[in-house]
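1. Here's my sequence, what's the structure:
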Amino acid sequence: DESGLAALFAEAASSASQIEASKMIDAISLLPDCSGSQADAVSAYTQAKLYGDGRVTKIDTWVELPPGQRPKSWEGRFKRPVVPLRLALYGHPLSGYFWEQHCSKSLLEAGFEPLEGWECIYVHKQLKLFLSVYVDDFKMAGASKNMAKGWKLIRSKLRLDDPTPLGDYLGCGQQAITVSERTVRDTLADVLPLVSDEYVMRNPGREASAHALDDDEVPDSRSDSSCFTRRPPSSECGGRSSSQSSKRSSDSNGSHEPYSVKGVRYNMLGFTDECIKKYCDAVGKGVEQLRISYTPGMEDSAFTQAEFDEVGKLSTVAASVLMKALYLARCCRFDLLHPICMLARQVTKWSRACDRRLHKLMCYLHTTREYSLEGFVGDDCKDLTVLCYSDASFADCVQSSKSTSGTFVALVGPRTFFPINAMAKKQM
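-> So this is what the prediction gives:
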């Protein structure tokens, strides 16, 4: 783990909760007539009985009661009284497993079904609600009119705090934003052609030449079978045809009526500063000594062979710094994934070149500390598609001649661009 200790994954005994699951819930909350909220389970583990599911061979476990929890009738009778452990108390190696079994059973009784392929997502088909669960953190989105009913069903089976609007979740904050028409168009101008060759988006810089013909007069042989074969409507008017939207969006002078869409901006600024401070403490430098840098990596040609061969000064602390920064990268800084993963490969053979690379990475992180991930949704779910873009380098690692694969996944629509996940992984 980040402290250099062996990570015993078997003792966790819990299903994984993917970061992309949380982002999917956020995207669903931005759909028309949808919203989202979250809640925490109260003393989650102790809501489940130890060995309550009957699947695991029971082993009697005894615990010592603290003085404040002992009955008054015991005073003077016992020195260190112990009692059988009945509930899945925090600290027991299987408590997470028993809580998960209890939670899953309760959600099934409430009408939620597990979503195939997603260990942590449940769906209530009748209420049109999606629920993401990570240990004791519950995050739900779907039809606004059914949200209260959905929480009521869950709380009839599990003890939860009152639901609150979507906010900090698993250390990643978020805030609602409004994205302007220009930002929507600029973002999607080069994205939508990746989804469909048939989709043609007008370039705002060329609109002047397009005014020679009215929208209704421009011949259009494209099919209407896909949402990507039409121009995004220019106004928020549901149920209107493209031609009606075009007429409504232009007045007699040909001016355009602007629109905006709802979005989310993730915020981990405090965590970013913690990553920078952790590095500075490790090297014994102040933050002010980090120079301005607008790129996170360094070319191999910038190093001598001796720098690749000699052990780096940060060999004992590099893993701790990198793993902390990796969580930031996975949540909302996809631009950091490649340089961090490249360095993570070297933790067992850390060199002076790695020292310099890590310093450059932290300089870039400090320079761009306010950068973050944003997504917006301005379409109905039927108009959305999943964009999965992948690419690979060619033997980019000089020392091993290994290549790196990169993947980016997002929800895309005529007015939608919502990043879901990204990865950078060494090829075998």
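
2. the strands in the stretch 251-400 of the chain, which residues?
-> Per DSSP state E, counting those that start in this stretch, the stretch 251-400 of the chain carries strands over the ranges 260-267, 374-377, 385-392.

3. of those, which approaches M428 most closely?
-> Evaluated over the strands of the stretch 251-400 of the chain, closeness to M428 peaks at strand 385-392, with 12.5 Å, by Cβ to Cβ. All C-beta spots, glycine's among them, are computed from the backbone N, C-alpha and C.

4. Mind giving me the packing neighbours of that closest one?
-> helix 192-195, strand 404-413 (3 or more Cβ pairs under 8 Å, 6 or more residues apart in numbering; DSSP states H and E).

5. Sheet-wise, list the partners of the last one with their directions.
-> Sheet pairing for strand 404-413, assigned by DSSP bridges, gives strand 385-392 (antiparallel), strand 416-426 (antiparallel).

6. buried stuff in the longest one?
-> Pointing back at strand 416-426 there. Across strand 416-426, burial judged by 16 or more other Cβ atoms under 10 Å covers T416, F417, F418, P419, I420, N421, A422, A424, K426.

7. between these, which is closest to S315?
-> Closest to S315, out of all of the buried residues of strand 416-426 and judged by Cβ to Cβ, is K426, at 20.0 Å.

8. bridging residues for that closest one?
-> T404.

9. Now do the same contact list for it.
-> Going by Cβ atoms under 8 Å, 6 or more residues apart in numbering, K426 touches C341, R345, C397, K402, S403, T404, S405.

10. who wins for neighbours among those residues?
-> Highest neighbour count within these: T404, with 20 neighbours (other Cβ atoms under 10 Å).

11. picking up where we left off before, what's the closest of the strands paired with strand 404-413 to E310?
-> Of all the strands paired with strand 404-413, strand 416-426 comes closest under Cβ to Cβ, at 23.2 Å.

12. send the alpha carbons of the closest one over as PDB?
-> The C-alpha trace of strand 416-426 is given here as PDB (Å, rounded to 0.1, in the frame of the first residue of the first chain):
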ATOM      1  CA  THR A 416     -23.400  15.800 -23.900                       C
ATOM      2  CA  PHE A 417     -19.800  15.100 -22.900                       C
ATOM      3  CA  PHE A 418     -19.400  13.200 -19.600                       C
ATOM      4  CA  PRO A 419     -16.000  11.500 -19.000                       C
ATOM      5  CA  ILE A 420     -16.400   8.200 -17.200                       C
ATOM      6  CA  ASN A 421     -13.000   6.600 -17.000                       C
ATOM      7  CA  ALA A 422      -9.500   6.500 -18.400                       C
ATOM      8  CA  MET A 423      -6.500   4.200 -18.100                       C
ATOM      9  CA  ALA A 424      -2.800   4.000 -19.000                       C
ATOM     10  CA  LYS A 425      -1.400   0.500 -18.900                       C
ATOM     11  CA  LYS A 426       1.800  -1.100 -19.900                       C
END
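
13. what about stretch 392-406, distance to the chain center?
-> 26 Å (Cα atoms, centre = their mean, to the nearest Å).

14. And stretch 130-150, by the same measure?
-> The mean C-alpha position of stretch 130-150 is separated from the chain mean by 16 Å, Cα atoms, centre = their mean.

15. Same check on stretch 180-196?
-> Worked out by Cα atoms, centre = their mean, stretch 180-196 lies 22 Å from the chain centre.

16. And it, end to end?
-> End-to-end distance of stretch 180-196 (Cα to Cα, to the nearest Å): 24 Å.

17. in it, what's buried?
-> Quick answer for stretch 180-196 (16+ other Cβ under 10 Å): E181, T183, V184, T187, L188, V191, L192, V195.

18. what's the answer for stretch 274-284, then?
-> Buried residues in stretch 274-284 (16+ other Cβ under 10 Å): C275, I276, K278, Y279, C280, A282, V283.

19. Could you export the residues you listed as CSV, including distance to Y97 and pLDDT?
-> Converted to CSV, the buried residues of stretch 274-284 look like this (distance: Cβ to Cβ, whole Å; pLDDT from 0 to 100):
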residue, distance to Y97, pLDDT
C275, 32, 96
I276, 37, 96
K278, 32, 95
Y279, 36, 96
C280, 39, 95
A282, 36, 93
V283, 41, 92
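
20. out of those, who's nearest F334?
-> Of these, the one sitting nearest to F334 (Cβ to Cβ) turns out to be C275, at 15.4 Å.

21. Tell me the spacing between that closest one and L153.
-> Going from C275 to L153 by Cβ to Cβ, to the nearest Å gives 40 Å.

22. V409 now?
-> According to Cβ to Cβ, V409 and L153 sit 31 Å apart.

23. quick revisit: L31: which of the strands paired with strand 404-413 is closest?
-> Using Cβ to Cβ, these put strand 416-426 closest to L31, at 9.4 Å.

24. quick revisit: out of the contacts of K426, which comes closest to K360?
-> C341 (15.2 Å).

25. The nearest residue to that closest one once chain neighbours are set aside: what's it in contact with?
-> Residue nearest to C341 in three dimensions, not counting chain neighbours: A424, with 4.8 Å by Cβ to Cβ, 6 or more residues apart in numbering. Contacts of A424 were listed using Cβ under 8 Å, 6+ apart, and they are L337, H338, C341, M342, T404, S405, G406.
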